[in-house]
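> Need a 3D model of the following:
(chains A and B)
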2 protein chains.
Amino acid sequence: MAKGIPKRSEDYSKWYTEIVQRAELADYAPVKGCMVIRPYGYAIWERIRDALDAMFKETGHVNAYFPLFIPESFMKREAEHVEDFAPQCAVVTHGGGQPLEEALYVRPTSETVIWSMYGKWIQSWRDLPILINQWANVVRWEMRTRLFLRTTEFLWQEGHTAHATEPEAVEETLRMLEVYRRFAEDFMAVPVITGVKTESEKFAGAVRTYCIEAMMQDGRALQAGTSHYLGALIMAHSDDDGLVLPPKLAPLHVVIIPIFKGDAERAAVLEKAAALRNAFQGSGVTVRLDDRDNVSPGWKFNEWELKGVPLRVEIGPRDLAAGRAVLVRRDTREKRPVALDALKDDITRTLPEMQQALLARALQFRAENTRPVEDYASFKAQMERDIPGFVNAPWCGEAGCEAALQEETKATIRCIPLERSAEPGACVRCGKPSEGRVVMAKSY
Amino acid sequence: MAKGIPKRSEDYSKWYTEIVQRAELADYAPVKGCMVIRPYGYAIWERIRDALDAMFKETGHVNAYFPLFIPESFMKREAEHVEDFAPQCAVVTHGGGQPLEEALYVRPTSETVIWSMYGKWIQSWRDLPILINQWANVVRWEMRTRLFLRTTEFLWQEGHTAHATEPEAVEETLRMLEVYRRFAEDFMAVPVITGVKTESEKFAGAVRTYCIEAMMQDGRALQAGTSHYLGALIMAHSDDDGLVLPPKLAPLHVVIIPIFKGDAERAAVLEKAAALRNAFQGSGVTVRLDDRDNVSPGWKFNEWELKGVPLRVEIGPRDLAAGRAVLVRRDTREKRPVALDALKDDITRTLPEMQQALLARALQFRAENTRPVEDYASFKAQMERDIPGFVNAPWCGEAGCEAALQEETKATIRCIPLERSAEPGACVRCGKPSEGRVVMAKSY
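Reported below is the predicted structural model:
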């Protein structure tokens, strides 16, 4: 266990915060509520962004960029919008050394500005559909920061599409929901439930809000989405020794640690290690040879485990003599000798296996911690457990009952799953008729 | 000439603004001083960013992300910094529905925050060098907007490196200057002069400011740099009919315009056109078949010329019968028949030729509009011309003389070229001794 990092089982929240900082993913900024995304964290973000961006473009989306500032009058156009967002906003009142005539809100989303531009650009149905995505920073005032999960400024993407007909708009929404699901499962190795939010949980002004819900290792739900991906990625797989990264999003796939005493051994080992590293050039597998002299191999093991590098290759004089190296998996800790001339193939094969294994492990964890519940006493007991998990329970569909359930148990209705069968029953809380089950959980 | 767009020779400034909007690169935002980068403009920006980013990474730079907001106390730490930037800033005074105890400045650069983090991260010389780059939006208050050249918010990149020694820092700066030069010439097809700014033109608080200066078609200088690249790209090559894009940065390389009358011709032409487009799949050459039925071929010609697509393929029934198509170059307007089975090879060969030709043309234009000048009368006369161009003239090195020259002629010293030979002479304005020539020009 890395020094000073509490175990997940002891203090999950502190474990998370320590991992994020010690793996050099992020740091607190000198501005309240804000963070700095450090190079290692940003390299993961770049992989997330690039993978999603390519998937968006395959669906015909194009990127654009809208202004950071939104005039106060725009914010106030839609009552629901302003009620929901205005209290969360940072407000610019001075510019160019002068007080402004009209205050500018730092965008909490670009929705209002984007739709005002669409009004100008769309002349007829021939201009439809418009499929625009934006990668940008947005601001929502937060007093209690949680790195990557809740910060005043965060990076995200927002897609805004305009269609000629409602069925086309719904089809598009479901297509993008599927993109998010596929990204979460294929790249993040995080299984998600796709569903619809209840009326009281939906986005301000929306007809319907779709979502993907993931289970973290403490059995709580996290609504995945661009701004939360990094946080979810960390929490879903990491362990008491640090990050565990799925190979598809790891900036560094393999670290080679040379082991030697004295100059002669050093030269021989480093030569072989460098040859091994060079063999991967242009292969898409990123390999680093950690040839630092000022820290021990054991120290290096710990550091790269903390940083979640999927594979470690240990190579010393005895390995050289035997024509092999030792390959260590970060996820399972499996450690095995591999012949040097088979190493490249082995690594190339092992990385996708690890990607699959992480998803399988997360699926199993979710299955073990998802339960059907029929009565309120059991439900409350479940939510008191260390790992409360997901509960599939019947619900009456009434907002008042939903609010009371949240008040009484701190759990919320995470979503009405898209794939649920009609199942007449009695609401887990109030006993009134229910048409089917919803997913309830404690959440972030 | 596209309708309603003035000629460059009539009104260069209006020509530029019209081109930007009508080619759908950008639009004015409903916020004073701000713009919207539309999908076509953003696609060019993505190509600029990706090309530069890859070049930065080759030099060992990594990306990170620092907060949008800077506490007022940070701004005030460095007197020179605050004097230069504070009057240009947007200031947040309210957040989360409350007045803030300390005002937050929207970053005009991230310099102060980045260095405060470096102070925390750098424990010893072993942590050096740090080579961090950031892609971000920054804000500097502007009342008179010029799309892509002067807007309140703009996208840019800023690299901040920390080194153990000054020679290493200088070496790094020169390496990056060379990256910028190479990018401008190899990708933008815009030749630049690399140099050093005079004391009065340098960046607030800097020891030395390096720059690259490009000549636009109106003979004025533009300091190139990430935030100006798109503006420079447009002004350097475009003509009275619209954009001319260098192939390396063009989102779309080839547009195919089918020409037909009646359904039978339509089917035959579209089939061949689609086959041609499909032949380029995965080739890196982006091809679009414009099969819209509601506009004429001539209308399409104009639209894609306006948008600067490098190559147009016209294909009609007579072409089909002759087994050929007509290939039209956007830069030279050269129009020639090409056998259908040679078209893919021809296009693949022509695109890099066009990239080279654009650079050659820009180099020639710059050469024709760069003059050595020895006396002030000639200098002033030159600056009064329609195309004032660059002047290489001796200068005494004194700030007072530089200020007077600017006052009297509206020209500035653009840079002291890195590659200049010592050449004793007399200052073009005051006649005092000069060690060598500097580049003087009117600028943006």
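
> closest point of the stretch 101-250 of chain A to chain B, which residue?
Proximity of the stretch 101-250 of chain A to chain B (Cβ to the nearest Cβ) peaks at residue A:141, 3.4 Å away. Where C-beta positions appear, they are placed from N, C-alpha and C, glycine not excepted.

> Distance-wise, check that residue relative to residue A:34.
Taking Cβ to Cβ, to the nearest Å as the measure, residue A:141 and residue A:34 are separated by 11 Å.

> Secondary structure element holding residue A:222?
strand A:221-224 (DSSP states H and E).

> pLDDT averaged over the very next helix or strand once past that strand - what is it?
Next in sequence after strand A:221-224, counting helices and strands by DSSP H and E, comes helix A:229-237. Per-region confidence: helix A:229-237 scores 94 on mean pLDDT.

> shared neighbours of residue A:141 and residue A:34, anything?
Counting by Cβ atoms under 8 Å, 6 or more residues apart in numbering or on different chains, the common neighbours of residue A:141 and residue A:34 are residue A:152.

> quick one on the thing from earlier: contact partners for the residue of the stretch 101-250 of chain A closest to chain B?
A:33, A:87-90, A:152, B:95-97.

> any idea how far the helix or strand where residue A:349 lies is from the chain center?
Here residue A:349 sits within helix A:343-368, counting by DSSP H and E. Centre-to-centre, helix A:343-368 and its host chain are 18 Å apart (Cα atoms, centre = their mean, to the nearest Å).

> Look up the pLDDT of the nearest residue to residue A:12 once chain neighbours are set aside for me, please.
Computed as Cβ to Cβ, 6 or more residues apart in numbering or on different chains, the closest residue to residue A:12 that is not its neighbour in sequence is residue A:218, at 4.6 Å. Looking at residue A:218, its pLDDT is 94.

> List the contacts of residue A:218.
Contacts of residue A:218 were listed using Cβ under 8 Å, 6+ apart, and they are A:8, A:12, A:235, A:386-387.

> Beyond the helix holding residue A:349, next helix or strand please.
Following helix A:343-368 toward the C-terminus (DSSP H and E): strand A:370-372.

> Direction included, what does that next one pair up with?
strand A:390-394 (parallel) (DSSP bridges).

> Now for residue A:392: which residues touch it?
Residue A:392 touches A:370-373, A:437-440, counting by Cβ under 8 Å, 6+ apart.

> ok, of those, which one's closest to residue A:136?
residue A:439 (30.3 Å; Cβ to Cβ).

> What is the burial count for that closest one?
Neighbour count for residue A:439, taken as other Cβ atoms under 10 Å in any protein chain shown: 22.

> Which helix or strand contains it?
Short version: residue A:439 belongs to strand A:437-441, going by DSSP H and E.

> Kindly export that strand (C-alpha atoms) in PDB.
What follows is strand A:437-441, C-alpha atoms only, in PDB (Å, rounded to 0.1, in the frame of the first residue of the first chain):
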ATOM      1  CA  ARG A 437     -39.000  -1.100 -11.500                       C
ATOM      2  CA  VAL A 438     -36.600   1.800 -11.300                       C
ATOM      3  CA  VAL A 439     -33.000   2.000 -10.200                       C
ATOM      4  CA  MET A 440     -32.500   3.500  -6.700                       C
ATOM      5  CA  ALA A 441     -29.100   4.200  -5.200                       C
END
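
> In the contacts of residue A:218, find the pair that's most separated.
The largest separation in those, counting by Cβ to Cβ, is between A:235 and A:386 at 15.4 Å.

> higher neighbour count, these two?
Set side by side, residue A:235 and residue A:386 show more neighbours around residue A:235, with 26 against 9, by other Cβ under 10 Å.

> Enumerate every residue touching the more buried one.
A:16, A:216-218, A:222.

> Same check on residue A:406?
Residue A:406 makes contact with residue A:412 under the criterion Cβ under 8 Å, 6+ apart.

> quick one, the helix or strand containing it and strand A:437-441 angle?
Assigned by DSSP H and E, residue A:406 belongs to helix A:399-409. For helix A:399-409 against strand A:437-441, the angle between stretch directions is 30 degrees (axes from the mean of the first three to the mean of the last three Cα atoms, to 10 degrees).

> how near is the spatially closest residue to residue A:405 that is not a sequence neighbour to residue A:436?
The shortest distance from residue A:405 to any non-neighbouring residue, by Cβ to Cβ, 6+ apart, is to residue A:429 (4.9 Å). With distances taken as Cβ to Cβ, residue A:429 is found 15 Å from residue A:436.

> Look up the pLDDT of the nearest residue to residue A:220 once chain neighbours are set aside for me, please.
Spatial nearest neighbour of residue A:220, excluding adjacent residues (Cβ to Cβ, 6+ apart): residue A:442 at 4.9 Å. For residue A:442, the pLDDT comes out at 97.

> Need phi/psi at residue A:442.
Reported as degrees, to the nearest 10, the phi and psi values for residue A:442 are phi -80, psi 150.

> Next, the contact list for it, please.
Contacts of residue A:442 (Cβ under 8 Å, 6+ apart): A:219-221, A:383, A:388, A:410-412.

> one more time with 10 Å, if that's ok
A:218-221, A:382-385, A:387-391, A:409-412, A:414 (Cβ atoms under 10 Å, 6 or more residues apart in numbering or on different chains).

> of those, buried ones?
Buried subset of the contacts of residue A:442 (neighbour count, 16 or more other Cβ atoms under 10 Å in any protein chain shown): A:218-221, A:382-383, A:387-391, A:409, A:411-412, A:414.

> quick check, nearest of those residues to chain B?
Taking Cβ to the nearest Cβ as the measure, chain B lies nearest residue A:412 of those, at 22.9 Å.

> Look up the residues forming beta bridges with that closest one.
So, taking DSSP bridges as the rule, residue A:412 has residue A:441 as bridge partners.

> Any idea how many residues pack against the closest residue to chain B within the stretch 201-350 of chain A?
Residue nearest to chain B within the stretch 201-350 of chain A (Cβ to the nearest Cβ): residue A:294, separated by 6.8 Å. Residue A:294: 7 surrounding residues under other Cβ under 10 Å.

> Pull up the per-residue confidence for the closest residue to it other than its chain neighbours.
Nearest non-adjacent residue to residue A:294, counting by Cβ to Cβ, 6+ apart: residue B:126, 6.8 Å away. Residue B:126 carries a pLDDT value of 91.

> Over to residue A:74?
In this model, residue A:74 carries a pLDDT of 89.

> Report the secondary structure state of the closest residue to it other than its chain neighbours.
With sequence-adjacent residues excluded and distances taken as Cβ to Cβ, 6+ apart, residue A:74 is closest to residue A:112, at 4.6 Å. Assigned by DSSP: H, G, I helix; E, B strand; the rest coil, the conformation of residue A:112 is helix.

> quick one: residue A:112 and residue A:77 touch, right?
Yes. Between residue A:112 and residue A:77 a contact is recorded at 6.5 Å, counting by Cβ atoms under 10 Å.

> Next, count neighbours for residue A:238.
When neighbours are counted by other Cβ under 10 Å, residue A:238 registers 22.

> do the same with the one 4 residues further on
Under the neighbour criterion other Cβ under 10 Å, residue A:242 is assigned a count of 24.

> list the contacts for the residue lying closest to it once chain neighbours are set aside?
Setting aside the residues directly before and after it, residue A:242 is nearest to residue A:306 in space (Cβ to Cβ, 6+ apart), at 3.4 Å. Each residue near residue A:306 by Cβ under 10 Å, 6+ apart is listed here: A:2, A:5, A:18-19, A:22-24, A:238, A:241-243.

> Then residue A:205?
Residue A:205 touches A:78-85, A:111-112, counting by Cβ under 10 Å, 6+ apart.

> where does the residue nearest to it when sequence neighbours are not counted land in three-state SS?
Nearest non-adjacent residue to residue A:205, counting by Cβ to Cβ, 6+ apart: residue A:80, 4.4 Å away. Three-state assignment for residue A:80 (three-state DSSP): helix.

> I figured residue A:80 hits residue A:112, correct?
No. With contact defined as Cβ under 10 Å, residue A:80 does not reach residue A:112; the gap is 11.6 Å.
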